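> Sequence plus predicted model, see below.
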Amino acid sequence: MAQPLKSPLAKAGLAVVVMSSIWFAVFEWNSFHFTEFGDELCYSANHEYYITRHQTLWEKLTKTYPHEYGTAKLFDKTGKLLYEGKIHLNSQNGPGWLSNPNEVYFQGGASTEDTWIYKLPSSPGGRSQASCYPTKIE
């Protein structure tokens, strides 16, 4: 039978664990897939790379349309995570796939702190375009 926590130190430790778990669940865990502007996966033209967009519970509850905030994660076609960063999720801000140089970028909002550029190991294919290409159909 479990014994109740008697020590003040044990109670304080439990409180820290509970509060840390709540903080993580609300402010850190990217638990919501952002699909408002189309498919969950945002492919490059040649489907060598794709991006997923996510929001924490806090970001989801404090929407400030049209500049909703979240995290973009860049993967190669094998599913290997290459990069992740905070962005404005507005579809006009990206992603932009560039073939020369081989890069993908998201433009920031009012602040350049929200802009990220990642140099890709190979071309994303196609012409420079700021959008998601359709889901690959095999």
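That came through, no problem. Numbers count the residues shown, from 1 in each chain.

> burial measure for L61, as a count.
10 (other Cβ atoms under 10 Å). C-beta here means a position set from N, CA and C on the backbone, and glycine is covered the same way.

> actually L89, not the one I wrote
Neighbourhood size, L89 [other Cβ under 10 Å]: 23.

> Name the helix or strand of the chain that has the lowest mean pLDDT.
Ranking every helix and strand in the chain by mean pLDDT, DSSP states H and E puts strand 32-33 at the bottom, with a mean of 57.

> and the longest helix for the protein?
The residue-count maximum for a helix in the chain (DSSP state H) belongs to helix 8-23.

> Let me know the average pLDDT across that helix.
The average pLDDT within helix 8-23 is 71.

> can you check stretch 125-135 too?
Per-residue scores along stretch 125-135 average to 67.

> would you list every one of the helices in the chain?
8-23, 57-61.

> Out of these, which gets nearest to Y83?
helix 57-61 (18.9 Å; Cβ to Cβ).

> Output the contacting helices and strands for the closest one.
Judged by 3 or more Cβ pairs under 8 Å, 6 or more residues apart in numbering; DSSP states H and E, helix 57-61 is in contact with strand 32-33.

> Please repeat the previous calculation with a cut-off of 10 Å.
Under the contact criterion of 3 or more Cβ pairs under 10 Å, 6 or more residues apart in numbering; DSSP states H and E, helix 57-61 touches strand 32-33, strand 69-76.

> Quick check: which of the ones you listed is buried the most?
Among the helices and strands packed on helix 57-61, the stretch with the highest mean neighbour count (mean count of other Cβ atoms under 10 Å) is strand 69-76, at a mean of 18.
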